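Asker: Return atomic coordinates for the entry below.
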Amino acid sequence: MRGFGLAGPGESLSVLCIGAHADDIEIGAGGTLLSWIAAGIRLHVRWCVFSATARRAAEATESARAFLDGASSADIRIKDFEDGFFPYQGSDIKPWMEEQKRGFTPDVVFTHRRDDAHQDHRELCQLSWNTFRDHLILEYEVPKWDGDFGQPNLYMPLEPAVLERKIGLLHTHFDSQQSKDWFDPEVFRGLARLRGMECRAPGRYAEGFVLRKASIG
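Answerer: Numbering: from 1, shown residues only. Presented below is the predicted three-dimensional model:
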């Protein structure tokens, strides 16, 4: 399978990470970010979580710091929009999404999948496309009981050590999620193995994304 790179070792890459809830970005794109940092790419990241309060806000902040350890710059932003009600708060959420363009021009935007079963995820994807019209947008996937997985068309191969670091960080920083049956190392490892098989990843694992539109120069 032929691949292309966004940046190489020593080169800079600006990344905007958009997540509805604490742990979304880490689950969907955490391995990719860890891989880029390990490869020596100079990452400049703006990390935005739209709904996290109290304990969850603390978890989100500490987890983001851990995943971005080694990045050239990390701007972590946490808001407190009401979980589960994003479609009804769109007029409040939209201005904060627009704020993320000020003083920052990302090379790539990570956001939720357009057809994700969670209403908050879908709302942020729609606002991402509405706000970042001239950017490369990659939509990540988050496993859940709804069974809403689609067909990724872009993959980031992960070395086994990177995947294990991702899983380890998730379980270190999100103690509040440990009781949920989907928050399980085998779920994360199994999904990564499936995506690795689909793209014939050398390390056997991968994260999958939906790339809806791109211009290659």
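Asker: Gly70: neighbouring residues, count only.
Answerer: Close neighbours of Gly70, defined as other CB atoms under 10 Å, add up to 14. Yep, even glycine has a C-beta here, placed from its N, CA and C like the rest.
Asker: swap that for Arg165, sorry
Answerer: Arg165: 19 neighbours (other CB under 10 Å).
Asker: What strand or helix carries it?
Answerer: Secondary structure from DSSP states H and E places Arg165 in helix 160-173.
Asker: Flag the shaky bits of this protein, pLDDT-wise.
Answerer: Scanning the chain for pLDDT under 70 picks out the ranges 1-4.
Asker: need the helices for it, in chain order.
Answerer: 24-38, 54-67, 90-99, 119-131, 160-173, 185-199 (DSSP state H).
Asker: Okay, Pro87 and Trp36: tell me how far apart.
Answerer: 32 Å (CB to CB, to the nearest Å).
Asker: Settle it for me: which of these two has more neighbours?
Answerer: More crowded of Pro87 and Trp36, by other CB under 10 Å: Trp36, with 23 against 12.
Asker: Identify the residues contacting that one.
Answerer: Neighbouring residues of Trp36 by CB atoms under 8 Å, 6 or more residues apart in numbering: 7, 13, 43.
Asker: which one of the residues you listed sits closest to His118?
Answerer: Nearest to His118 out of these is Leu43 (CB to CB; 26.9 Å).
Asker: and stretch 76-83, how far from the chain's centre?
Answerer: Centroid separation for stretch 76-83 versus its chain: 15 Å, with CA atoms, centre = their mean, to the nearest Å.
Asker: what do you get for stretch 114-125?
Answerer: 13 Å.
Asker: Format the CA atom coordinates belonging to stretch 89-109 as CSV.
Answerer: The C-alpha coordinates for stretch 89-109 follow below in CSV (Å, rounded to 0.1, in the frame of the first residue of the first chain):
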residue,chain,number,x,y,z
GLN,A,89,-25.8,24.3,22.3
GLY,A,90,-24.5,24.9,18.8
SER,A,91,-24.9,28.7,19.0
ASP,A,92,-22.6,28.7,22.0
ILE,A,93,-20.1,26.1,20.8
LYS,A,94,-19.6,27.7,17.4
PRO,A,95,-17.9,30.9,18.7
TRP,A,96,-15.4,28.8,20.7
MET,A,97,-14.7,26.7,17.6
GLU,A,98,-14.1,29.9,15.7
GLU,A,99,-11.7,31.1,18.4
GLN,A,100,-9.3,28.2,17.6
LYS,A,101,-8.4,29.8,14.2
ARG,A,102,-7.0,32.9,15.9
GLY,A,103,-3.3,33.0,16.0
PHE,A,104,-3.0,29.4,14.9
THR,A,105,-3.0,27.9,11.3
PRO,A,106,-3.0,24.1,11.6
ASP,A,107,-1.6,21.9,8.9
VAL,A,108,-4.0,19.1,10.0
VAL,A,109,-7.2,19.1,12.0
